[in-house]
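How does the following fold in three dimensions:
(one chain, ligands or ions: 1)
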Amino acid sequence: MNPYEHGEVFVTDDGAETDLDLGHYERFINENLTQNSSVTMGKIYSNVIEKERKGEYLGKTVQVIPHITNEIKQKIYGFEESNTDIVITEIGGTVGDIEGLSIIEAIRQVGLEKNPEDVLYIHVTLLPYISGSNEIKSKPTQHSVKELQSFGIKPDILVCRTERDIPDSIREKLALFCNVRKTSVIQNKTADCLYAVPLMLEEEGLAREVCNHLKLEKYIPDNSKWETMIENIRNIDKNKVVKIAIVGKYIKLEDSYISVIESLYHAGFANHVKVKVDLVDSETITKGNVKDKLSIYDGIVVPGGFGNRGIEGKIETIKYVRENKVPFLGICLGMQMAVVEFARNVLNLKDANSAELEENTKNPVIHIMEEQKGIDKKGGTMRLGAYPCVIKEGSLAYQLYGEKEISERHRHRYEYNNAYRQQLEEAGLKVSGTSPDGLLVEIVEIEDHPYFIAGQFHPELKSRPNKPAPLFVGLVKACLK
Ligand code: GLN
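Numbering: from 1, shown residues only. Model (predicted):
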């Protein structure tokens with residue numbers, strides 16, 4: 001998945017590399033999802049081809065219907081064996097996309113195979129607003145519903161994305177022309193705060209409609225904790241602002257760093273301050289302009305990434321924050337570059353580098369893991385998912401996490417090279433977190449600095465609005481000081 005086209009790659013505890021939507025689900029429901037929650041057509045096709053090679057379809061012609069559609073249904077029915085009560089399946093894309101046809105057909109069959117009160121179709125649709133004539137248009141929704149009906153699916157609920165309140169007349173029109181009850185036309189208006197959306201949908205009666213249809217017992221939801229959280233967020237003084245720059249290379253599409261950005265907001269909620277985030281292109285940063293470009297920020301994040309583009313700008317950035325005592329958080333590649341910068345400018349190993357960026361560097365302070373040597377270093381060969389990390393007592397990391405063993409998610413191929421550990425530590429770049437066997441360095445920090453910490457993992461993947469990631473909370477707190 002190209003970050004420019006797709007946004008960030010989200011990683012689950014069990015190491016699935018998924019679409020960023022899964023990150024939003026985790027942030028909203030505060031549950032860790034798994035491989036089973038992310039189904040791509042690649043997985044479906046690869047399973048079908050594997051089954052065919054094993055002879056499971058002997059004598060049959062392998063076709064989209066039924067083989068591909070059965071495989072898709074299996075992903076949904078697979079939850080029947082677990083203690084799951086309700087499966088919510090989001091189908092990405094737009095009705096009518098060629099890519100989605102087999103999936104739409106599969107969920108049509110699900111509706112046929114299960115009892116009518118056990119299956120519900122919700123259609124999420126956009127209501128465009130035309131400012132010239134000050135009106136909301138219902139036509140596109142009528143057309144996409146018509147398209148869905150031609151595939152044999154009748155939506156039970158319409159969730160309507162809109163910038164403005166939907167007038168009653170439009171609700172009536174949608175109900176009549178799209179063949180849904182008026183109470184099932186749910187407004188989903190752009191909210192002042194992303195995390196307020198569930199409360200808005202509750203007010204609109206989405207859960208009531210769903211429960212009625214699925215014949216679930218009447219319920220009174222308890223959203224009080226979430227409501228308090230939203231109230232606290234709304235009460236943050238708008239003039240109390242902390243400015244943080246993310247210095248990376250995928251800056252043209254904000255979604256490339258969505259979890260990092262959300263984590264900074266979460267840390268703002270925890271510190272009762274508004275966090276303003278700017279994306280700064282590391283390719284434009286040089287020794288000559290680094291101060292001009294970055295001195296307006298209270299803190300800096302250098303996030304993860306791959307490849308050489310923009311690397312020297314990241315290293316200049318880290319030198320600047322280290323020397324000028326600007327609060328800094330390095331993530332994955334950002335941590336690796338913090339090690340390279342320190343080796344070059346403090347240990348004076350001028351040619352220090354990561355083996356990813358310069359394969360034959362004389363001083364590979366970041367190198368490939370031993371068991372991966374000789375493997376073609378591309379494709380699915382990364383350290384993925386959650387791994388435990390043991391934290392050194394007395395360190396900044398320990399202060400932040402407040403516990404000795406943590407678990408964080410990974411997505412990388414290269415590691416800190418222990419051959420340089422003693423020199424680096426003696427010069428002041430301390431190792432404060434490692435794998436339980438002590439061999440893989442997970443966290444580095446500088447003691448004589450207001451906030452300089454970097455992790456080999458991605459703390460942003462586990463941050464939630466009501467459970468912010470400690471490394472981000474610490475960063476914002478340091479910025480406030
Ligand atoms: N490119 C680096 C590696 O593979 C870092 C990856 C990352 O930042 N996610 O180790």
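
Flag the shaky bits of the stretch 151-300 of the chain, pLDDT-wise.
Along the stretch 151-300 of the chain, the model assigns pLDDT under 70 to no residue.

now swap in the stretch 351-481 of the chain and tell me
If you take pLDDT under 70 as the line, the stretch 351-481 of the chain has these spans: 370-380.

quick one: the strands in it?
Remark: strands assigned in the stretch 351-481 of the chain by DSSP state E, counting those that start in this stretch are 352-354, 363-368, 383-391, 405-412, 414-416, 429-434, 441-446, 452-455.

What I need now is the ones you listed written out in a markdown table, including distance to the ligand and mean neighbour count for each item.
C-beta coordinates here come from the backbone N, C-alpha and C atoms, glycine included. Formatted as a markdown table, those follow (distance: least, Cβ to the nearest ligand atom, whole Å; neighbours: other Cβ atoms under 10 Å):
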| stretch | distance to the ligand | mean neighbour count |
| --- | --- | --- |
| strand 352-354 | 7 | 24 |
| strand 363-368 | 7 | 22 |
| strand 383-391 | 8 | 19 |
| strand 405-412 | 3 | 19 |
| strand 414-416 | 3 | 23 |
| strand 429-434 | 16 | 22 |
| strand 441-446 | 12 | 25 |
| strand 452-455 | 10 | 26 |
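
the strands in the stretch 101-250 of the chain, which residues?
122-126, 129-130, 135-136, 157-162, 185-189, 241-248.

Can you say which of the ones you listed is packed in most?
Neighbour counts (mean count of other Cβ atoms under 10 Å) averaged over each of those peak at strand 241-248, with a mean of 22.

For the protein, which residues are neighbours of the ligand?
304, 305, 306, 332, 333, 356, 411, 412, 413, 414 (Cβ under 6 Å from any ligand atom).

shouldn't residue 96 be in contact with residue 150?
No: taking contacts as Cβ atoms under 8 Å, residue 96 lies outside contact range of residue 150: 9.2 Å.

out of those two, which sits in the busier spot?
Neighbours per residue (other Cβ atoms under 10 Å) separate residue 96 from residue 150, with residue 96 holding more: 14 against 10.

Tell me who's in contact with the more buried one.
Neighbouring residues of residue 96 by Cβ atoms under 8 Å, 6 or more residues apart in numbering: 144, 147.

What values do phi and psi take at it?
phi 100, psi -20 (degrees, to the nearest 10).

Per-residue pLDDT of it, please?
pLDDT, residue 96: 90.

cool, and residue 7?
Predicted confidence (pLDDT) for residue 7: 86.

same thing with the one 5 residues further on?
Among the per-residue scores, residue 12 shows a pLDDT of 96.

so who does it touch?
18, 22, 32, 33, 34, 35, 37, 38, 385, 409.

How about residue 268?
236, 242, 274, 275, 476.

what about residue 139, how many neighbours?
Residue 139: 11 neighbours (other Cβ under 10 Å).

likewise residue 213?
Using other Cβ under 10 Å: residue 213 sits among 19 other residues.

Tell me the spatial nearest neighbour of it, not counting adjacent residues.
Leaving aside its chain neighbours, residue 213 sits nearest to residue 120 (5.0 Å; criterion: Cβ to Cβ, 6 or more residues apart in numbering).

Same question for residue 438.
Excluding its sequence neighbours, the residue lying closest to residue 438 (Cβ to Cβ, 6+ apart) is residue 390, at 7.8 Å.

Please, where are all the helices along the stretch 201-350 of the chain?
206-213, 224-234, 258-271, 290-294, 311-324, 333-345 (DSSP state H, counting those that start in this stretch).

I'd like those as JSON lines, with distance to residue 124 appended.
Output for the helices of the stretch 201-350 of the chain, formatted as JSON lines (distance: least, Cβ to Cβ, whole Å):
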{"stretch": "helix 206-213", "distance to residue 124": "11"}
{"stretch": "helix 224-234", "distance to residue 124": "21"}
{"stretch": "helix 258-271", "distance to residue 124": "19"}
{"stretch": "helix 290-294", "distance to residue 124": "40"}
{"stretch": "helix 311-324", "distance to residue 124": "38"}
{"stretch": "helix 333-345", "distance to residue 124": "35"}
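
Check the gap between the nearest residue to residue 93 once chain neighbours are set aside and the ligand for me.
Nearest non-adjacent residue to residue 93, counting by Cβ to Cβ, 6+ apart: residue 100, 4.6 Å away. Noted for residue 100: a distance of 30 Å to the ligand, by Cβ to the nearest ligand atom, to the nearest Å.

re earlier: tell me the spacing between the residue nearest to residue 213 and residue 285.
To residue 285, residue 120 is 51 Å away according to Cβ to Cβ, to the nearest Å.

same check, this time on residue 450
21 Å.

the more surrounded of these two?
Neighbours per residue (other Cβ under 10 Å) separate residue 450 from residue 285, with residue 285 holding more: 22 against 14.

circling back: could the strands of the stretch 101-250 of the chain go into CSV alongside distance to residue 262?
What follows is the strands of the stretch 101-250 of the chain, written out as CSV (distance: least, Cβ to Cβ, whole Å):
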stretch, distance to residue 262
strand 122-126, 21
strand 129-130, 26
strand 135-136, 29
strand 157-162, 20
strand 185-189, 19
strand 241-248, 12
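
Would you mark the buried spots in stretch 355-363?
For stretch 355-363, the neighbour count (16 or more other Cβ atoms under 10 Å) marks 355, 356, 357, 358, 361, 363 as buried.

Repeat that for stretch 39-52.
39, 44, 47, 48.

How about whichever residue of the stretch 101-250 of the chain sits closest to the ligand, nearest residue that isn't a chain neighbour?
Nearest to the ligand in the stretch 101-250 of the chain, going by Cβ to the nearest ligand atom, is residue 248, at a distance of 9.8 Å. In space, and not counting its chain neighbours, residue 248 is closest to residue 303: 4.9 Å by Cβ to Cβ, 6+ apart.
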